[in-house]
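Participant: This is the structure alone, sequence omitted:
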Ligand SMILES: [Zn+2]
């Protein structure tokens, strides 16, 4: 299982942790959450964003 916590990517006040079996699923859940809760446009989940934040993905 892959997981990525909001606080690890700089959203310190959020307890949300996205999880997924695949990286694709992880990004899908993460981008839905970010769009809904943090109000960021989906277009902001760019390849650069993923490249930068991929380092924070945890494998459990
Ligand atoms: Zn969040």
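Facilitator: Arrived safely, thanks for sending. Predicted model only: the values in this text are computed from it and were never measured. Numbers count the residues shown, from 1 in each chain.

Participant: Show me which residues of this protein are close to the ion?
Facilitator: When proximity is defined by C-beta under 5 Å from the ion, the chain lies next to the ion at 6, 11, 14, 16, 37. In this view, the C-beta of every residue, glycine as well, is placed from N, C-alpha and C.

Participant: Among those residues, which one lies nearest to residue 29?
Facilitator: Set against residue 29, the nearest of these by C-beta to C-beta is residue 16 (9.4 Å).

Participant: And for the closest one, the neighbour number?
Facilitator: Under the neighbour criterion other C-beta atoms under 10 Å, residue 16 is assigned a count of 15.

Participant: What of the one 10 residues further on?
Facilitator: Other residues near residue 26 come to 20 when the count uses other C-beta under 10 Å.

Participant: Tell me the spacing between it and residue 49.
Facilitator: Look at residue 26 and residue 49: by C-beta to C-beta, to the nearest Å, they are 13 Å apart.

Participant: Could you point out which residue ranges in the protein have low pLDDT?
Facilitator: Within the chain, the stretches with pLDDT under 70 are 41-45.

Participant: By residue count, what's the longest helix in it?
Facilitator: helix 23-37 (DSSP state H).

Participant: after that one comes which helix or strand?
Facilitator: Following helix 23-37 in sequence order, the next helix or strand is helix 47-53 (DSSP states H and E).

Participant: helix or strand right after that following helix?
Facilitator: strand 58-59.
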